[in-house]
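A.B. asks: what follows is a predicted protein model with its sequence.
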Amino acid sequence: MSTELSTGATRAETTTASRSTHRWWALAVLALAQFLVVLDASIVNIALPSVGIALGLDTTALAWVITAYVLPFGGLLLLGGRLADRFGHRRVFLIGAAGFTAASLLAGLSVGGGMLLAARAVQGGFAALLAPASLALLTQLFPDAEARGKALGVWGAVAGMGSAAGVLLGGVLTAAFGWPAVFFVNMPVGIVVLIVLPRLVGRDPRGAAERMDAAGAATATLGLAAVVAALTEGSALGWGHPLVLGLAAAGVALLAAFVLIERRAAHPLVPFRFFRNRDAAAGDLVMLLVGGATVALFFALSVYLQEVLRLDALAAGTSQLPLALALVGVAGVVPVVVARIGLRPTLTASLLVLAAGVVWFAVAAPTGLLTGFILPSVVIGAGLGAAFVTTTQLAVRGVADRQSGLASGLVNTSQQIGGALGLAGLGSAAAARTAALLAQGQPSADATGGGFQLLFAGVAVLAAVAATVTVVVRDRRRR
């Protein structure tokens with residue numbers, strides 16, 4: 001037995017040495033790339049009103065600027081992981097980084113809404129290559145448990161910072177240089193990643209020959225796109241409109257086909273037996289709900305601050321600083337809290353704190369800057385920071401090493417798909433509420449505010465439901 005352990009350790013050290021002799025510097029570059037793809041889901045938020053004016057997009061179309069990115073990102077993540085396993089993690093990572101950087105340039109140069117949405121979709125597709133390949137490289141660079149735990153802690157902190165920093169940085173860039181700057185900022189970072197990483201990480205070994213589950217990826221992505229489109233267009237066209245019903249039916253049919261394909265595929269994107277691990281299943285479901293709440297929340301905050309509270313882009317962006325600082329600060333102390341009271345109690349408490357912060361903001365926002373915005377933002381940031389870290393830990397708890405890549409891909413996919421569905425559903429509800437209030441003769445700002453009040457309530461409900469999941473969906477043996 002000791003010989004086997006010694007041999008395994010030797011192989012791990014050899015693999016690490018062959019991949020990089022500067023693994024911590026390599027981690028910094030990989031974390032920078034991860035920061036970039038997470039940042040891009042939120043950095044556009046503050047710029048949306050400016051984008052709408054420049055390109056003639058209404059609120060529903062502006063929501064698609066976010067959805068067009070997160071939907072292909074989430075829908076293709078698992079396929080991206082398979083491609084990285086097959087063709088090499090370093091190679092696929094570099095392809096993803098190059099494509100993401102080029103698509104960012106096209107987005108910044110957009111002269112119409114269609115061009116921008118297409119560029120955002122391409123961004124999301126290449127991000128789906130970059131993210132899983134980056135995480136796989138991390139696990140190869142840090143095979144020993146202690147070092148890998150530290151590396152994953154950096155990874156999780158970077159993901160949390162990307163969501164919060166995007167809103168802050170978006171406001172500064174939009175105010176100083178205009179909305180295209182939120183896309184152009186990706187280019188120097190992408191170029192640095194493309195130049196530096198090949199110098200730090202060695203070439204890929206030959207991958208194992210394996211059929212790609214292209215049918216599963218296609219049906220999942222198209223099915224989700226159809227469902228999101230139905231949710232988005234339902235509020236504008238009416239839920240009984242033939243187009244809405246057709247999109248909903250197509251989405252359900254495609255997702256049903258996805259399930260059948262996965263059950264029969266030799267190498268499925270999602271082997272359903274994985275969800276026998278109740279911790280992983282609960283973690284993925286919670287991340288789906290948290291992702292929906294987070295994307296909808298940051299979208300709503302960005303528009304609400306500018307169109308209802310009448311802040312300019314710079315003020316709206318910098319006003320997110322308390323939230324970002326609370327998120328990062330709490331994420332750093334979560335491991336201590338988990339060690340004292342346990343993972344699930346910490347996660348449940350963080351979700352309830354998030355819900356309370358959103359309710360506080362929804363009720364008190366018009367009353368003043370300190371009590372109506374800054375303090376609720378700190379509470380929201382604290383809840384989000386703790387929720388992201390603990391949800392990720394739950395989603396990978398008890399997972400065998402050979403399935404760690406699958407577990408990481410699923411939790412990332414849950415976050416992105418949840419974001420697309422949450423924004424579509426809650427955004428549509430807010431738009432319908434706004435339209436109803438306008439029809440009653442209320443001023444535009446008041447009607448918009450009323451719509452977003454409903455959206456904030458929906459975010460709080462999602463957080464509360466996620467807290468319930470952590471209590472109900474439990475591994476009996478662990479309990």
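C.D. replies: Sure, I can see it. Numbering: from 1, shown residues only.
A.B. asks: any idea how far residue 301 is from residue 135?
C.D. replies: 28 Å (CB to CB, to the nearest Å). (Glycine included, C-beta is placed from N, CA and C.)
A.B. asks: so which of those two has more stuff around it?
C.D. replies: Comparing residue 135 with residue 301 by other CB atoms under 10 Å, the one with more neighbours is residue 301, at 28 against 23.
A.B. asks: thought the more buried one was touching residue 48?
C.D. replies: No - the pair residue 301 / residue 48 is not scored as a contact, 11.1 Å apart, by CB atoms under 8 Å.
A.B. asks: list the contacts of the residue positioned nearest the centre of the chain.
C.D. replies: Most central in the chain under CA atoms, centre = their mean is residue 416, positioned 4.2 Å from the mean C-alpha point. Contact analysis of residue 416 by CB atoms under 8 Å, 6 or more residues apart in numbering lists 41, 70-71, 73-75, 77, 291.
A.B. asks: what's the helix or strand for it?
C.D. replies: helix 404-439 (DSSP states H and E).
A.B. asks: now the element after that helix, going C-ward?
C.D. replies: Per DSSP H and E, the first helix or strand lying C-terminal to helix 404-439 is helix 444-472.
A.B. asks: right, and residue 90 touches residue 140 too?
C.D. replies: No - Residue 90 lies out of contact with residue 140 (CB under 8 Å); the separation is 9.6 Å.
A.B. asks: flag every buried residue along stretch 361-380.
C.D. replies: 361-362, 365, 372-373, 375-380 (16 or more other CB atoms under 10 Å).
A.B. asks: give me the distance between the two termini of it.
C.D. replies: 9 Å (CA to CA, to the nearest Å).
A.B. asks: could you do stretch 48-63 as well?
C.D. replies: OK, stretch 48-63 end separation, CA to CA: 9 Å.
A.B. asks: for that stretch, which positions count as buried?
C.D. replies: Neighbour-count burial for stretch 48-63 [16+ other CB under 10 Å]: 48-52, 54-55, 57, 59, 61-63.
A.B. asks: check stretch 268-276 too.
C.D. replies: 268-270, 274.
A.B. asks: nearest to residue 187 among these?
C.D. replies: residue 269 (31.3 Å; CB to CB).
A.B. asks: got the phi/psi numbers for that closest one?
C.D. replies: phi -60, psi -40 (degrees, to the nearest 10).
A.B. asks: surely it and residue 79 touch.
C.D. replies: Yes - counting by CB under 8 Å, residue 79 is a contact partner of residue 269 at 6.3 Å.
A.B. asks: find residues that contact each of those two.
C.D. replies: With CB under 8 Å, 6+ apart, residue 269 and residue 79 have common neighbours 213, 216-217.
A.B. asks: I figured residue 410 was touching residue 280, is that so?
C.D. replies: Yes - when contacts are counted by CB under 8 Å, residue 410 is listed as touching residue 280 (7.4 Å).
A.B. asks: so for stretch 389-401, mean pLDDT?
C.D. replies: For stretch 389-401, mean pLDDT is 75.
A.B. asks: and that stretch, what's buried?
C.D. replies: Residues of stretch 389-401 classed as buried: 389-397, 399 (neighbour count, 16+ other CB under 10 Å).
A.B. asks: distance between that stretch and the chain's centre?
C.D. replies: Put simply, stretch 389-401 sits 17 Å off its chain's centre (CA atoms, centre = their mean, to the nearest Å).
A.B. asks: how is the chain partitioned into domains?
C.D. replies: 17-200, 214-270, 274-474 (automatic domain parsing).
A.B. asks: in strands only, show me the shared contacts of residue 269 and residue 79.
C.D. replies: With strands taken from DSSP state E, there is no overlap with those.
A.B. asks: I'd like the next helix or strand past the strand or helix carrying residue 105.
C.D. replies: Assessed by DSSP H and E, residue 105 sits inside helix 89-108. On the C-terminal side of helix 89-108, the nearest following helix or strand under DSSP H and E is helix 113-141.
A.B. asks: tell me what angle that next one forms with helix 89-108.
C.D. replies: On the basis of axes from the mean of the first three to the mean of the last three CA atoms, to 10 degrees, helix 113-141 is oriented at 160 degrees to helix 89-108.
A.B. asks: and helix 113-141, what other elements does it pack with?
C.D. replies: helix 2-19, helix 23-39, helix 44-55, helix 59-87, helix 89-108, helix 145-177, helix 404-439 (3 or more CB pairs under 8 Å, 6 or more residues apart in numbering; DSSP states H and E).
A.B. asks: CA atoms only for the second one, dumped as CSV, please.
C.D. replies: Think helix 23-39. The C-alpha trace of helix 23-39 is given here as CSV (Å, rounded to 0.1, in the frame of the first residue of the first chain):
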residue,chain,number,x,y,z
ARG,A,23,2.9,26.9,-10.8
TRP,A,24,1.9,29.8,-8.6
TRP,A,25,2.7,32.3,-11.3
ALA,A,26,0.7,30.1,-13.7
LEU,A,27,-2.2,30.2,-11.2
ALA,A,28,-2.1,34.0,-11.2
VAL,A,29,-2.5,33.9,-15.0
LEU,A,30,-5.3,31.3,-14.9
ALA,A,31,-7.1,33.3,-12.1
LEU,A,32,-6.7,36.5,-14.2
ALA,A,33,-8.4,34.7,-17.1
GLN,A,34,-11.2,33.4,-14.8
PHE,A,35,-11.7,36.9,-13.5
LEU,A,36,-12.1,38.1,-17.0
VAL,A,37,-14.9,35.7,-18.0
VAL,A,38,-16.8,36.3,-14.7
LEU,A,39,-16.2,40.1,-15.0
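A.B. asks: how about low-confidence regions in the stretch 1-150 of the chain?
C.D. replies: Counting by pLDDT under 70, the ranges of the stretch 1-150 of the chain that qualify are 1-21, 59-60, 145-146, 148-150.
A.B. asks: closest to residue 346 out of the buried residues of stretch 389-401?
C.D. replies: residue 390 (5.2 Å).
A.B. asks: which residues does that closest one contact?
C.D. replies: Contact analysis of residue 390 by CB under 8 Å, 6+ apart lists 334, 338, 343, 346-347, 350.
A.B. asks: nearest to residue 285 among these?
C.D. replies: Of all these, residue 347 has the smallest distance to residue 285: 12.0 Å, by CB to CB.
A.B. asks: against residue 162, how distant is the closest one?
C.D. replies: Taking CB to CB, one finds residue 347 at 20 Å from residue 162.
A.B. asks: okay, these two: which has more neighbours?
C.D. replies: residue 347 (28 against 21).
A.B. asks: that one contacts residue 392, correct?
C.D. replies: No - taking contacts as CB under 8 Å, residue 347 lies outside contact range of residue 392: 10.1 Å.
A.B. asks: in the stretch 251-400 of the chain, what spans have low per-residue confidence?
C.D. replies: Using pLDDT under 70, the flagged stretches of the stretch 251-400 of the chain are 365-369, 399-400.
A.B. asks: could you count how many residues lie near the residue nearest to residue 381 when sequence neighbours are not counted?
C.D. replies: Excluding the flanking residues, the one nearest residue 381 by CB to CB, 6 or more residues apart in numbering is residue 326, at 3.1 Å. Per other CB under 10 Å, the neighbour tally for residue 326 reads 21.
A.B. asks: now do residue 32
C.D. replies: For residue 32, using other CB under 10 Å, the count is 17.
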